[in-house]
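Engineer: Next input, structure requested:
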Amino acid sequence: MFLTQLGAWDYHAFTLINNMAGQYAILDWLMKGLSRYSPEILVAFLVYLWFKGRAGTADQRDHRTFVILAIAGTVFALAIGQVIGTLWFRPRPFTVHLVNMLLPHGADASFPSHHALAAFAITTAAWFYDKRTGIVFGIFAILVGISRPFVGAHYPLDITGGAFIGIAAMTVVYKGRVILMKPAAFIVRIYEKIEFTIPGLRALHW
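Structural biologist: Residues are numbered from 1 along each chain as shown. This next block holds a predicted model:
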């Protein structure tokens, strides 16, 4: 009974969001952009941090260690999401309902949303790194989450589940970072040795 009511609520919330699609061109453009390019935006943020600071300084090593931990936590979250999607296949909303489909998408498992997993995992990492950065990325992650039902790709509970897993996975990685610090530092040192032999890489700092 509860699951039936939950499913009904989820579909109702989906229709409220998805029915806004096609009403305003600027909103469609924004939601499609967030939905399509959020992974690239998250990667760009990590790349920016990787090259931030003066080469070889302690600050830059801290940035790079953070990037490695953020990637580890995100991969962990995505792996959990993949296992869940394999064990329990929830159909995408567009495969069972008539929806406003703004972006093409494969009919793979709907739960959990991998976009939400990644966005909220990186947001959690950013929060541990710097609270102001975390707030900015939190707003970004929420907008990404809204964009997925908007374009017809996910139900709201797919987003909620993905957000929870992303936050939990990154928190576990952060709390257990003592185990990962030595491997992360090793990776940073190896990269620095490579970097100082290639002039083009040394130039990529700000």
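Engineer: Flag every buried residue along the longest helix seen in the chain.
Structural biologist: The longest helix of the chain (DSSP state H) is helix 58-87. Residues of helix 58-87 classed as buried: 60-61, 63-74, 76-78, 80-81, 84-85 (neighbour count, 16 or more other CB atoms under 10 Å). Every residue, glycine included, has its C-beta placed from N, CA and C.
Engineer: Which neighbouring elements make contact with it?
Structural biologist: Other elements packing on helix 58-87 under the criterion 3 or more CB pairs under 8 Å, 6 or more residues apart in numbering; DSSP states H and E are helix 25-51, helix 114-129, helix 156-175, helix 177-195.
Engineer: for the shortest one, packing partners?
Structural biologist: The reference is to helix 114-129. Using 3+ CB pairs under 8 Å, 6+ apart: helix 114-129 touches helix 25-51, helix 58-87, helix 131-150, helix 156-175.
Engineer: so which of those helices comes closest to residue 198?
Structural biologist: Among the helices and strands packed on helix 114-129, helix 25-51 comes nearest to residue 198, with 13.2 Å by CB to CB.
Engineer: Give me the distance from that closest one to the chain's centre.
Structural biologist: With CA atoms, centre = their mean, to the nearest Å as the basis, helix 25-51 stands 10 Å off its chain's centre.
Engineer: May I see the buried residues of it?
Structural biologist: Going by neighbour count (16+ other CB under 10 Å), the buried part of helix 25-51 is 28, 31, 32, 34, 35, 38, 42, 45, 46, 49, 50, 51.
Engineer: Also stretch 135-153?
Structural biologist: By 16+ other CB under 10 Å, the buried positions in stretch 135-153 come out as 137-138, 140-153.
Engineer: Using the three-state scheme, assign the residue lying farthest from the centre of the chain.
Structural biologist: Most distant residue from the mean C-alpha position of the chain: residue 197, 33.2 Å away (CA atoms, centre = their mean). Judged by DSSP: H, G, I helix; E, B strand; the rest coil, the three-state class of residue 197 is coil.
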